[in-house]
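*Asks:* make a model of this:
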Amino acid sequence: MSAILRIELIIFSIIFLIVVFRAINKKKLWLQHSLVWIFISFSLILISVFPQIVLWLSDVVKIETPSNLVYLFGIIALLIVSFLHSIVISSQANKIKKLVQMLSIENYSKEREKISQEIDYNEEIYKN
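*Replies:* As a prediction, the model looks like this:
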């Protein structure tokens, strides 16, 4: 890996880390969801500072070129992020469903109460 590429990767990783921390500070990103992105940033910094790690790992895993290993890790990271987002979306969909049901029950109860009050009022008018 050339020195220029390593410097560019370090700069990109640091900028990305700053963007993630700003999003956390502005409450646009939960800390729980940002841990994956922080881990990815630190991994990129580690790989750019010590490119021998990728060479060693590609030899251990028997992958011919280190770039293929980087692509593999990228795909795995995207799969993990996608799975975590699917879990969050499913959880939020269930919560929305429960909220809609509760709101519907509450609105139904209010309408019934309103109708019963009108009936009581009309009965009193006819009695007098």
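*Asks:* element containing residue 108, please.
*Replies:* helix 66-127 (DSSP states H and E).
*Asks:* ok, residue 4 next?
*Replies:* Per DSSP H and E: helix 3-25 holds residue 4.
*Asks:* pull the residues that contact that helix.
*Replies:* 29-31, 34, 37-38, 41-42, 44-45, 47-49, 51 (Cβ atoms under 8 Å, 6 or more residues apart in numbering). Backbone N, C-alpha and C define where each C-beta goes, glycine included.
*Asks:* can we see that at 10 Å?
*Replies:* With contacts defined as Cβ atoms under 10 Å, 6 or more residues apart in numbering, helix 3-25 is touched by 1-2, 28-31, 33-38, 40-51.
*Asks:* using PDB, write down the CA coordinates of the lowest-mean-pLDDT helix or strand in the chain.
*Replies:* In the chain, no helix or strand scores lower on mean pLDDT, DSSP states H and E than helix 31-49, which sits at a mean of 87. The C-alpha trace of helix 31-49 is given here as PDB (Å, rounded to 0.1, in the frame of the first residue of the first chain):
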ATOM      1  CA  LEU A  31     -24.800   5.700  20.500                       C
ATOM      2  CA  GLN A  32     -26.000   2.200  20.300                       C
ATOM      3  CA  HIS A  33     -26.300   2.400  16.500                       C
ATOM      4  CA  SER A  34     -23.000   4.300  16.100                       C
ATOM      5  CA  LEU A  35     -20.900   1.600  17.600                       C
ATOM      6  CA  VAL A  36     -20.700  -0.300  14.300                       C
ATOM      7  CA  TRP A  37     -19.600   2.900  12.500                       C
ATOM      8  CA  ILE A  38     -17.000   3.700  15.200                       C
ATOM      9  CA  PHE A  39     -15.600   0.200  15.000                       C
ATOM     10  CA  ILE A  40     -15.400   0.400  11.200                       C
ATOM     11  CA  SER A  41     -13.600   3.800  11.400                       C
ATOM     12  CA  PHE A  42     -11.100   2.500  13.900                       C
ATOM     13  CA  SER A  43     -10.600  -0.700  11.800                       C
ATOM     14  CA  LEU A  44      -9.800   1.500   8.800                       C
ATOM     15  CA  ILE A  45      -7.300   3.600  10.800                       C
ATOM     16  CA  LEU A  46      -5.700   0.400  12.100                       C
ATOM     17  CA  ILE A  47      -5.400  -1.100   8.600                       C
ATOM     18  CA  SER A  48      -4.000   2.100   7.100                       C
ATOM     19  CA  VAL A  49      -1.400   2.500   9.800                       C
END
